[in-house]
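Q: Pasting the sequence and the predicted coordinates here, then a few questions.
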Amino acid sequence: MSKCDITVIPQKNNYKVGDTIKGEVKVVVDAECKCDALTIEKYWQTHGKGNRSSGCLEVDTLFSGVWQPGVYVYSFSFELKEGPLSYHGHIINIDWYLNARADIPWRFDPAAEIDFILEKSEEVISGTDSNDDFNYIDRKKIPLNDQGWWKLFPLIFFVIGLVLMYTGESLFVGSVFTLVGAFIFYKMIQSAFAERKLGKVLCTVEKEDCRPGENFNASIMFTPRENLDINSVTVKLLGKEIAVSGSGTNKSTHTHAFFEEKLALLEKKALPKDFPVDRKCQLKVPDVAPASFYQTDNKIEWSVVFEVDIPRWPDWYNKLPIKIIN
């Protein structure tokens, strides 16, 4: 049986968005061999703790026919028009690959794969985004504590748990459902309880998109409905990896905060009723901040987190997503 060896040889291993990756696929055949198609693919793929995600697949067919014994070299090129950029984090990695494969009838298809690095371009082009896969929702300025119907889900968990406990079907499972449902529902409505004293709270984030090293403004405004003591008002810039592994009952979510910077907007203070509170600050995106990335099971998420710490009362909390682009 003939032997067919494939090697992928790029011109270099490091590229920037906007470059063209060029190289050759080398095929060594020791006997006559039919090939239905010699293809090369360019794509990115995640690996780490989450289920794998991939994208930007491009395929080029380099050859189709019969090989005689010998050495064959085929050139290829792909434009690197967009991200995501290569990323090596704590629980998520994003890598780019070139994969060459020969479709040989009635045989195991020989293949070869290499990875390469994609970095940000030194030129900043207005209106472009190195990561078109990020599903971004504009939350530059929004009222908080949306009372959507989806908030009934934790109550459903709670009710199911009570039913299981009452009927004696499963005391342990019922207890878990009840406690989890109650906890999630509390976290979802705690800000609404806090606003009974704080009044309506409005947060703003100045910029929709930010680049590494840039500054942007954030603010929080409210007018207390009664005389009120607070422990603090804080804002936090948070960068976090989120990876989901498995599915169904075996689904697990892993998180890792790779950046956290917290500022105090207001220290411990007594606030009089109907006295407006308006606090502003400037936050800076780290110079080496990774770009926002959004896939179903793998995310690099940036957000601005506001919190009002109220003694002996539920704290007010809200998180606004921001988008970091490279």
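A: Sure, I can see it. Everything numeric in this text was worked out from a predicted model, so none of it was measured.

Q: Just list the residues touching D209, thanks.
A: Residues in contact with D209, defined by CB atoms under 8 Å, 6 or more residues apart in numbering, are D129, I322, K323, I324, I325. Bear in mind the C-beta positions are built from the backbone N, C-alpha and C, glycine included.

Q: For it, name its beta-bridge partners.
A: Under the criterion DSSP bridges, D209 forms beta bridges with K323.

Q: what do you get for E307?
A: Beta-bridge partners recorded for E307 (DSSP bridges): T234, Y317.

Q: for E241, same thing?
A: Following DSSP bridges, E241 is listed with bridge partners H256, I300.

Q: Please tell me I have it right and it contacts H90.
A: Yes. Using CB atoms under 8 Å, E241 is in contact with H90, at 6.1 Å.

Q: hmm, back to that, what's the farthest-apart pair in the contacts of D209?
A: Largest separation among the contacts of D209 by CB to CB: D129 and I322, giving 13.7 Å.

Q: Between those two, which has more neighbouring residues?
A: Between D129 and I322, I322 has the larger neighbour count (other CB atoms under 10 Å), namely 25 against 17.

Q: can you pull the contacts of that one?
A: Contacts for I322 (CB under 8 Å, 6+ apart) come out as V205, K207, E208, D209, C210, F216, S292, W302, S303, V304.

Q: Might one say that the second one is in contact with L283?
A: By that I understand K207. No. Judged on CB under 8 Å, K207 makes no contact with L283 at a distance of 9.9 Å.

Q: So if I had to pick from these two, which one is more boxed in?
A: Per other CB under 10 Å, whichever of K207 and L283 has more neighbours is L283, with 20 against 16.

Q: Read off the pLDDT value for the more buried one.
A: Looking at L283, its pLDDT is 95.

Q: Please enumerate the helices of the protein.
A: 153-167, 171-198 (DSSP state H).

Q: about what we covered before: give me the common contacts of E241 and H90.
A: By CB under 8 Å, 6+ apart, the residues touching both E241 and H90 are H256, F258.

Q: which of these two has more neighbours?
A: Using other CB under 10 Å as the criterion, E241 and H90 rank with E241 on top: 24 against 14.

Q: And the more buried one, what's its pLDDT?
A: For E241, the predicted pLDDT is 97.

Q: Okay, it and K42: tell me how far apart.
A: 25 Å (CB to CB, to the nearest Å).

Q: which parts of stretch 272-285 are buried?
A: V277, R279, C281, L283, V285 (16 or more other CB atoms under 10 Å).

Q: what does stretch 237-254 give?
A: L237, L238, G239, E241, I242, A243, V244, S245.

Q: now the fifth one, nearest residue through space, not along the chain?
A: Translated: I242. Among residues not flanking I242 along the chain, K299 sits closest, at 4.3 Å (CB to CB, 6 or more residues apart in numbering).

Q: ok, that neighbour to K197 distance?
A: When distance is defined by CB to CB, K299 is 34 Å away from K197.

Q: Show me the shaky parts of the chain.
A: Along the chain, segments meeting pLDDT under 70 span 1-2, 123-190.

Q: can we see that at 50?
A: By pLDDT under 50, the low-scoring segments of the chain are 124-150.

Q: and it, what are its domains?
A: 4-119, 200-324 (automatic domain parsing).

Q: can you put those domains in CSV and add distance to F193?
A: Shown next, in CSV, are the domains of the chain (distance: least, CB to CB, whole Å):
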stretch, distance to F193
domain 4-119, 34
domain 200-324, 4
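
Q: between those, which one is nearest to A192?
A: Shortest distance between A192 and the domains of the chain, using CB to CB, is found for domain 200-324: 8.7 Å.

Q: now do the same end-to-end measure for the closest one.
A: Counting by CA to CA, to the nearest Å, you get 29 Å between the two ends of domain 200-324.

Q: Ok, stretch 282-300 next?
A: In stretch 282-300, first residue to last residue: 22 Å (CA to CA).

Q: which of the residues in that stretch are buried?
A: 283, 285, 289-295, 297-300.

Q: From these, which land in strands?
A: L283, F293, Y294, N298, K299, I300 (DSSP state E).

Q: Looking at the residues you listed, spot the one nearest V17.
A: Set against V17, the nearest of these by CB to CB is F293 (14.2 Å).

Q: Quick one: residues contacting the closest residue to the closest one other than its chain neighbours.
A: Using CB to CB, 6+ apart and skipping the chain neighbours, the partner closest in space to F293 is I300 (4.0 Å). Residues in contact with I300 (CB under 8 Å, 6+ apart) are Y87, G89, I92, G239, K240, E241, P290, A291, S292, F293, Y294.

Q: If anything else comes up later, I'll come back, but that's it for now.
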